[in-house]
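*Asks:* Give me coordinates for this.
(one chain, ligands or ions: 7)
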Amino acid sequence: MPPSMNSILLLTAGLLASQATALAPSTISVDQATEFTLTYGYPLIPYAKWALPVMTTDGTNRLQHKRSLTTADFQDVVRPNVDTLYSAAILDLSHGDLVIDVPNVTDRYWVFPFYDAYGNNYANVGTVGGNKPGKYRIRYVQDSPQQEAGVQLCQASGQSGNCQGYQGYINAPTPYGTFLGRLAVTDEATDLRKVHSIQNQTALYAVPRDDNKAVKYAPKLTVGLLNGSLSSDIPTRIMQMTARLAPYNPPRNISDLRRVQHMFRRAGIHEGKYIPTHKNLTALAAKVTDAVLSHASKPENTLVLGNGWQSRRLSAQGDYGMDYQMRYAVAARGYLALTATEALYPMYYDASNGYSTTLILNPGQAFLFTYDGKPPLTKEGFWSLTGYNSEQYLIANPLDRYALGDRSGLTYSDGSLVYGSDSRNGTFQILVQPADVEPPKNWTSNWLPAPEGGGSFSVTFRLYAPTTSLANGEWTFPTVQRVDAIVA
Ligand SMILES: *[C@@H]1O[C@H](CO)[C@@H](O)[C@H](O)[C@H]1NC(C)=O
Ligand SMILES: *[C@@H]1O[C@H](CO)[C@@H](O)[C@H](O)[C@H]1NC(C)=O
Ligand SMILES: *[C@@H]1O[C@H](CO)[C@@H](O)[C@H](O)[C@H]1NC(C)=O
Ligand SMILES: *[C@@H]1O[C@H](CO)[C@@H](O)[C@H](O)[C@H]1NC(C)=O
Ligand SMILES: *[C@@H]1O[C@H](CO)[C@@H](O)[C@H](O)[C@H]1NC(C)=O
Ligand SMILES: *[C@@H]1O[C@H](CO)[C@@H](O)[C@H](O)[C@H]1NC(C)=O
Ligand SMILES: *[C@@H]1O[C@H](CO)[C@@H](O)[C@H](O)[C@H]1NC(C)=O
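*Replies:* Ligands and ions are numbered 1, 2, ... in the order given. Predicted coordinates:
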């Protein structure tokens, strides 16, 4: 073991000793502890899947700008949006701090979100927060748990004299994490250049820690650490990755540290290694998946929005606290979701298919989404309706059209623009119809292609910078009707 590993292990022991919460009961069975660990560690799988391509080309702590909107070829994350350009970085705060230099974005929605190693969206800087341009210092704080994770603005905390010119601090709960900036794109061809220019003015760079503590909080995050010597069996891999990464990446809520560590030990995790004690991990993992699905669909964890639309409980989206089942559910469905203050992600549940989010069309059918008015959003807000195939990726189609919304030239039935220059706010419709069944010309601008030949797919309605009236029942969500395909 290299010497640095020794000091890291010592540090973890110190962290443990300082958290004097009660031990979990020793009556926890190996099965229960293993189920807990499979639930807790699951998000490390999408983390590695997402981080590896970024790290392979750019390493850690470097911004990687996506210069074009996502297309059907993109398969690094499930259910990507086609509304914003992403800027990604895999963050490693183990050996020092980082600074992000935020440009002055005044003409569009933007959000610079930070995620911990388990996909918790613990901090956002952007339009919704009314955050100022300038430098923000990113640092790992869970070694001093009196410091809360999140954004700590210098002005708000009245310590402007003490901020060394920073607008604020981004206090990270784990040394490993992710940055995934989003800048809204309008549909104009000229807009991409403007967004590129904002991306180019954004900087991320390393600085030594404030306190000059030479302590290393974890080994450097490498491709080997995320991908080397791991089982191809997913449940075993979850246990192995948890064993490897969790010792340095504490729980989102540090008060749960002791219980979590106790569970790991019961489950066969010792000194960074998983030694299987359970005979059939496959069966246990299946049980965990069922429990996660049933937890996520409990009434207290869902928000019913009307006309078949539902969202997760708003406080269980993006930042999950100790709700590790919800964290698993969202990671499997839309890894790196934002908190509900930034965006709502309602899904449509089809009563004709057992209230599933899977929609099924015969080749001769379509779904008609009828909006009785425009969704109410805050000034920089925007919305989209995006289709996904059965693998949760974008649906290939001849128009290369993956979403419709306020920036896409939707028309009213008289042919005038829904988002034109007047303030008209009336009924309009979106036609979701197979990619190979072309509707009459006057429908083209309102046609969202479903998979060719019909079949299974699903839609996500995204509402960025939402107003409260969207989620409190004041706004009527669109009705969805199955109809015969509309053809000339
Ligand atoms: C940001 O840009 C706006 C509009 O151009 C300007 O009014 C404002 O002063 C700028 N803010 C900063 C901090 O540069
Ligand atoms: C942004 O930076 C890239 C790479 O350096 C460069 O090719 C591109 O022209 C720049 N775009 C704008 C609009 O500044
Ligand atoms: C991860 O490991 C697998 C299996 O060893 C290998 O095929 C793959 O290329 C690795 N990925 C990266 C990014 O190193
Ligand atoms: C952490 O958990 C404790 C105990 O359940 C709770 O009181 C506290 O509010 C939680 N903190 C956060 C930031 O969620
Ligand atoms: C493990 O459980 C799975 C699923 O229940 C089952 O298909 C498999 O046969 C079991 N394997 C063993 C070795 O018992
Ligand atoms: C449009 O009208 C509906 C009522 O029909 C209302 O709920 C909604 O807030 C309005 N949208 C905007 C953007 O004004
Ligand atoms: C297209 O024209 C038909 C027939 O006039 C009309 O019923 C329908 O609402 C129109 N659709 C759109 C999106 O304009």
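*Asks:* mind listing what the residue of the stretch 201-350 of the chain found nearest ligand 3 touches?
*Replies:* Proximity of the stretch 201-350 of the chain to ligand 3 (CB to the nearest ligand atom) peaks at Asn227, 3.7 Å away. Where C-beta positions appear, they are placed from N, C-alpha and C, glycine not excepted. Asn227 makes contacts with Ala48, Leu52, as judged by CB atoms under 8 Å, 6 or more residues apart in numbering.
*Asks:* give the contact list for the residue in the stretch 51-200 of the chain positioned nearest to ligand 1.
*Replies:* In the stretch 51-200 of the chain, no residue comes nearer to ligand 1 than Asn104, which is 3.7 Å away by CB to the nearest ligand atom. Contact analysis of Asn104 by CB under 8 Å, 6+ apart lists Pro133.
*Asks:* Next one: it relative to ligand 3, how far apart?
*Replies:* 36 Å (CB to the nearest ligand atom, to the nearest Å).
*Asks:* next one: Thr370
*Replies:* Thr370 is 45 Å from ligand 3, by CB to the nearest ligand atom.
*Asks:* Got the phi and psi for the residue of the stretch 201-350 of the chain closest to ligand 3?
*Replies:* Note on Asn227: backbone dihedrals following degrees, to the nearest 10 are phi -140, psi -10.
*Asks:* Please tell me the pLDDT value assigned to it.
*Replies:* For Asn227, the model assigns a pLDDT of 97.
*Asks:* swap in Pro434?
*Replies:* At Pro434, pLDDT is 97.
*Asks:* same thing with Ser421?
*Replies:* In this model, Ser421 carries a pLDDT of 89.
*Asks:* Tell me the secondary structure at it.
*Replies:* Under DSSP: H, G, I helix; E, B strand; the rest coil, Ser421 falls in the coil class.
*Asks:* residues touching it, list them.
*Replies:* Ser421 neighbours (CB under 8 Å, 6+ apart): none.
*Asks:* Kindly report the same for Arg266.
*Replies:* Ile28, Ser29, Val30, Gln32, Ala33, Thr34.
*Asks:* before we move on, what about Gly321?
*Replies:* Neighbouring residues of Gly321 by CB under 8 Å, 6+ apart: Arg252, Asn253.
*Asks:* This structure - how does it break down into domains?
*Replies:* The chain resolves into domains spanning 5-43+221-283, 59-213, 346-484 when parsed by automatic domain parsing.
*Asks:* I'd like the mean pLDDT over the helix or strand hosting Thr178, please.
*Replies:* Applying DSSP states H and E as the criterion places Thr178 in strand 176-184. Rounded to a whole number, the mean pLDDT of strand 176-184 is 97.
*Asks:* try stretch 57-66
*Replies:* For stretch 57-66, the mean per-residue pLDDT is 97.
*Asks:* neighbouring contacts of that stretch?
*Replies:* Outside stretch 57-66, the residues that reach it (CB under 8 Å, 6+ apart) are 54, 85-92, 98, 179, 181, 196, 199-200, 202-206, 220-221.
*Asks:* Among the residues you listed, name the ones in helices.
*Replies:* Among those, the members falling in helices (DSSP state H) are Val54, His196, Gln199, Asn200.
*Asks:* from those, which is closest to Ile138?
*Replies:* The shortest approach to Ile138 among the ones in helices among the contacts of stretch 57-66 belongs to Val54, at 16.6 Å (CB to CB).
*Asks:* In contact with the closest one, which residues?
*Replies:* Taking CB under 8 Å, 6+ apart, we find Val54 in contact with Gln64, Ala88, Ala89, Ile90.
*Asks:* By neighbours, which of those residues wins?
*Replies:* Of all these, the highest neighbour tally under other CB atoms under 10 Å goes to Ala89, namely 27 neighbours.
*Asks:* Report the separation between it and Leu44.
*Replies:* 18 Å (CB to CB, to the nearest Å).
*Asks:* returning to that earlier point: drop anything exposed from the contacts of stretch 57-66.
*Replies:* Among these, those classed as buried by 16 or more other CB atoms under 10 Å are 54, 85-92, 98, 179, 181, 199, 202, 204, 221.
*Asks:* mean confidence score for stretch 281-290?
*Replies:* Mean predicted confidence for stretch 281-290 is 97.
*Asks:* likewise stretch 303-323?
*Replies:* Mean pLDDT, stretch 303-323: 95.
*Asks:* Quick check: buried residues in that stretch?
*Replies:* Buried-residue list, stretch 303-323, by 16+ other CB under 10 Å: 303, 305, 308-313, 316-320, 323.
*Asks:* contacts with ligand 3 among the residues you listed, please.
*Replies:* Here nothing survives when these are matched to ligand 3 using CB under 6 Å from any ligand atom.
*Asks:* what about stretch 411-422, near ligand 7?
*Replies:* Yes: Stretch 411-422 reaches ligand 7 (CB under 6 Å from any ligand atom) through Thr411, Ser413, Gly415.
*Asks:* residues in contact with the first one?
*Replies:* In other words, Thr411. Leu417, Val418, Phe428, Asn442, Ser445, Asn446.
*Asks:* and it, what are its bridge partners?
*Replies:* Bridge pairing for Thr411 (DSSP bridges) gives the partners Leu417.
*Asks:* Skipping adjacent residues, who's closest to the one residue in the stretch 201-350 of the chain that gets nearest to ligand 6 in space?
*Replies:* Using CB to the nearest ligand atom, the closest approach of the stretch 201-350 of the chain to ligand 6 is made by Gly306 at 12.0 Å. Excluding its sequence neighbours, the residue lying closest to Gly306 (CB to CB, 6 or more residues apart in numbering) is Phe477, at 5.0 Å.
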